[in-house]
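> Whatever this is, show me its structure:
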Amino acid sequence: MDMLWSGWGDPAKAAPLPDTVIGLLRDLLGVKPRSAEPVGLVDIAVAEGQLEPAAHHALANAVGGEEYVRTDAETRIRHTRGKSTPDLLRIREGDTADAPAAVLLPAGHEEIVAVLRACAEHGLALVPFGGGTSVVGGLAPARGTFVALDLRRMDGLLALDPVSRTATLQPGLRAPQAEALLAEHGFTLGHFPQSYEWATIGGFAATRSSGQASAGYGRFDEMVLGLTLATPEGTIDTGRAPRSAAGPDLRQLVLGSEGAFGVITAVTLRVRPVPQIRVYEGWRFASFEEGSAALRRLAQDGPRPTVLRLSDETETLIGLARPDAIGAADAPTAVGCTAIAGYEGTEEDTSYRRERAAAVLRECGGTPLGEEPGAHWAHGRYSAPYLRDALLDAGAFAETLETAAYWSRIPELYAAVRDALTTTLTEAGTPPLVMCHISHVYENGASLYFTVVSAQGEDPVAHWTPAKHAANEAILAAGGTITHHHGVGTDHRDWYVREAGPLAVDALRAVKRRLDPAGLLNPGVLLPLDD
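Prediction:
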């Protein structure tokens, strides 16, 4: 099944907002109903004939036949940009300016090598395409004619080593299918980001994804033991052992490279046994400051739950900690901040960690809410993107952004980003509702994930851009990183350059020139184009 072209995920799961929520949006934020319905897929036009016949023939030879070179309008539209709110608003208005000239479906590493050779010969840019879930402009290259490399045919489990607990997976394998294949052998990755239902293994690696159970299983980049990368200049294989002192770790160069250095064609990952038990519970704290201190205590001194997250007062009040219950009669109304702690593993280990963690949370001022809030969170943890679509349908603007910092900087970072978003959007005449939660914790720091809702204004994309830029400036000024897990893409590129510094950026440019001398791979994503 393909993802909804004009929104997120499975169209059957989309649901309109309850009247109570629509009324709240109108009264609180001045949201007005849309004046016109979005255009339909059949009504969108895309430019034709962008591929020269010789290039088309070479690409068809590379991927094993004409049937694997798609140039029809619907396929190209479905591969236009990603799933950020500006992406969706533009496609809903029929804007296909970033549509690929063709969509290629290779079946393996050698075919990708042949595609790269053909693209170099004919001067075509190329964008690797996994699940299409980018929300940072990672699928819109700064170059005219390009092709999208859809990796869906590369969706297998290549190898499993139960002794070493490793698995080698192909990049186009979607996360649910990967979990199903591993479960047949009693293993799991334990990687469950909000994009889980649609994102792919290659995309996780290319963007340094972080799953909602990262406190227990780690980030995706921590799971990666080896990678294979196809580049226009040849193939790179990394990861002969779990750890090595043989020079700099080239895995780290590929992880987070977002298709700018090459195409990931295989990923070897650490796997763990499927847990015997999963249990999630809720806790209430009087303030975000108090809850943050409790999370820091567990992250630093243990025992660390598998899932550990905290919604601020606004997110708790609105009910976004339970996105499946917003507007419902039983939606939570209590003040304070809701935390979710989850435990996975053997029954004995889970019980032990849960009891010890509960003692710490109580000592830090937490009040237990039982398993019901945790069960609701687990049930609705993939619902937020569908809620975003419903908000757009109702005439509201909804978008997210995220960052991370050391614990000592979290309070300043939290306040700075909230202030930047609130001030900018209020001055634009669309005062926002700004919510935040901590969703990933580490011994030394944590991530902050912001959700912003406001009226759309006359030009929603133009309305959001200054606010996003102000938030980016606030993040750097407060000592945060420009992205914790969404990636750089084009939206964060200029701030990433400032965060990394000119010498580091020049070093990365040198790597790109060696691996991709013609600058064909996802140009303008991650790094600016060469002058």
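> burial of T75, as a residue count?
18 (other Cβ atoms under 10 Å). C-beta here means a position set from N, CA and C on the backbone, and glycine is covered the same way.
> tell me the secondary structure for the spatially closest residue to it that is not a sequence neighbour?
Nearest residue to T75, sequence neighbours excluded (Cβ to Cβ, 6 or more residues apart in numbering): V103, at 5.0 Å. With DSSP: H, G, I helix; E, B strand; the rest coil as the basis, V103 sits in strand.
> Now for V103: which residues touch it?
With contact set as Cβ atoms under 8 Å, 6 or more residues apart in numbering, V103 has these partners: 69-71, 75-76, 79, 129, 147-148, 150.
> so where's this protein shaky on pLDDT?
Across the chain, the ranges flagged by pLDDT under 70 are 35-36, 49, 320-334, 531.
> Give the bridge partners for R309, please.
Residues in a beta bridge with R309, per DSSP bridges, are I340.
> I figured it hits I340, correct?
Yes - R309 sits in contact with I340 when judged by Cβ atoms under 8 Å, with a separation of 5.0 Å.
> Widest-spaced pair of the contacts of V103?
T71 and F129 (14.9 Å; Cβ to Cβ).
> Could you check how far V307 is from A294?
14 Å (Cβ to Cβ, to the nearest Å).
> ok, how many other residues are close to the nearest residue to L508 once chain neighbours are set aside?
Nearest in space to L508, with sequence neighbours left out and distances taken as Cβ to Cβ, 6+ apart, is L527 at 5.9 Å. Using other Cβ under 10 Å, L527 has 23 neighbouring residues.
> show me the contacts for L527.
With Cβ under 8 Å, 6+ apart, L527 has these contacts: 260, 493, 497, 505, 508-509, 512.
> let's see 7 Å
Counting by Cβ atoms under 7 Å, 6 or more residues apart in numbering, L527 touches 260, 505, 508-509, 512.
> among the residues you listed, which ones are buried?
260, 505, 508, 512 (16 or more other Cβ atoms under 10 Å).
> what helix or strand is the third one on?
In this assignment (DSSP states H and E), L508 forms part of helix 502-515.
> repeat for A47
Counting by DSSP H and E, A47 is part of no helix or strand.
> count of residues packed around it?
12.
> For E344, give me its contacts.
E344 touches 213, 216, 275, 278, 306, 350, counting by Cβ under 7 Å, 6+ apart.
> wait, is it part of a helix?
No - looking at E344 with three-state DSSP, it is strand, so not inside a helix.
> Write down the beta-bridge partners of it, one by one.
Here E344, judged by DSSP bridges, has bridge partners R278.
> Tell me how far the residue nearest to T75 lies from R153.
12 Å.
> now G247
From G247 over to R153 the distance is 34 Å, taken as Cβ to Cβ.
> Give me the more crowded residue out of these two.
R153 (16 against 6).
> so that one, which of the three states?
Strictly by three-state DSSP, R153 counts as coil.
> Wait, it touches A107, no?
Yes - contact between R153 and A107 holds when scored by Cβ atoms under 7 Å: they sit 4.8 Å apart.
> quick one: which helix or strand includes R354?
helix 347-363.
> what residues does that helix touch?
Contacts of helix 347-363 (Cβ under 7 Å, 6+ apart): 276-277, 279, 283, 294, 297-298, 303, 305, 341, 343-344, 368.
> change it to 8 Å
For helix 347-363, using Cβ under 8 Å, 6+ apart, the contacting residues are 275-277, 279, 281, 283, 294, 297-298, 301-305, 339, 341, 343-345, 368.
> same thing with stretch 59-66?
So stretch 59-66 is contacted by 51, 68-69, 102, 104-107, 111, 114-115, 117-119, 147 (Cβ under 8 Å, 6+ apart).
> Then stretch 399-416?
So stretch 399-416 is contacted by 84-86, 135, 288-289, 292, 296, 312, 388, 417, 436, 438, 440, 444-452, 464, 468, 471, 474-475, 477-486 (Cβ under 8 Å, 6+ apart).
> all strands of the stretch 201-350 of the chain, in order?
224-231, 234-238, 263-270, 272-273, 277-285, 307-311, 337-345 (DSSP state E, counting those that start in this stretch).
> cool, the stretch 351-500 of the chain as well?
367-370, 396-406, 433-438, 445-455.
> partner strands of the first one, parallel or antiparallel?
Applying DSSP bridges to the sheet, strand 367-370 is found paired with strand 277-285 (antiparallel).
> buried sites along the partner strand?
For strand 277-285, burial by neighbour count (16+ other Cβ under 10 Å) applies to 278-285.
> re earlier: show me the contacts of stretch 399-416 that map onto helices.
Of those, the ones assigned to helices by DSSP state H are 85-86, 288-289, 292, 296, 388, 417, 464, 468, 471, 474-475, 477.
> Could you give the number of residues near P16?
P16 has 11 nearby residues by other Cβ under 10 Å.
> which residues does it contact?
390, 393-394.
> List only those of those residues flagged as buried.
For the contacts of P16, a burial check counting by 16+ other Cβ under 10 Å picks out 390, 393-394.
> who touches the residue nearest to H463 when sequence neighbours are not counted in this structure?
Of all residues not flanking H463 in the chain, G457 sits nearest, at 3.9 Å (Cβ to Cβ, 6+ apart). Applying Cβ under 8 Å, 6+ apart to G457 gives the contacts 397, 428-430, 463.
> cool, and A260?
A260 neighbours (Cβ under 8 Å, 6+ apart): 512, 516, 521-522, 525-527.
> Roughly how far does it sit from S383?
For A260, the distance to S383 equals 32 Å [Cβ to Cβ].
> Next: A358.
27 Å.
> From the neighbour counts alone, determine which of the two ranks first.
S383 (20 against 16).
> can you tell me how far the more buried one sits from V525?
29 Å.
> repeat for M154
21 Å.
> And the contacts of stretch 487-498?
82, 84, 134, 136-140, 142, 206-208, 256, 258, 468, 472-473, 475-476, 482-483, 486, 505, 524-528.
> hmm, try it at 6 Å
136-138, 207, 258, 472, 482-483, 505, 524-526 (Cβ atoms under 6 Å, 6 or more residues apart in numbering).
> List only buried entries from those residues.
136-138, 207, 258, 472, 482-483, 505, 524-526.
> How many neighbouring residues does the closest residue to D389 other than its chain neighbours have?
Nearest residue to D389, sequence neighbours excluded (Cβ to Cβ, 6+ apart): G7, at 3.9 Å. By other Cβ under 10 Å, 21 other residues sit near G7.
> got it, and the one 4 residues further on?
Look at P11: counted by other Cβ under 10 Å, it has 15 neighbours.
> my read: it touches L4, true?
Yes - in terms of Cβ atoms under 6 Å, P11 counts as a neighbour of L4; the distance is 4.8 Å.
> Identify the spatial nearest neighbour of E197, chain neighbours not counted.
Nearest non-adjacent residue to E197 (Cβ to Cβ, 6+ apart): Y382, at 5.7 Å.
> The one you found and W198, how far apart?
9 Å.
> got the angle between the helix holding R354 and strand 337-345?
Helix 347-363 runs at 160 degrees relative to strand 337-345, counting by axes from the mean of the first three to the mean of the last three Cα atoms, to 10 degrees.
> Can you give the distance from helix 347-363 to the centre of its chain?
30 Å (Cα atoms, centre = their mean, to the nearest Å).
> same check, this time on stretch 27-43
25 Å.
> same thing with stretch 520-531?
That offset, for stretch 520-531, works out to 20 Å (Cα atoms, centre = their mean).
> can you check stretch 88-103 too?
20 Å.
> Any figure for the gap between Q177 and W198?
Distance from Q177 to W198, by Cβ to Cβ: 11 Å.
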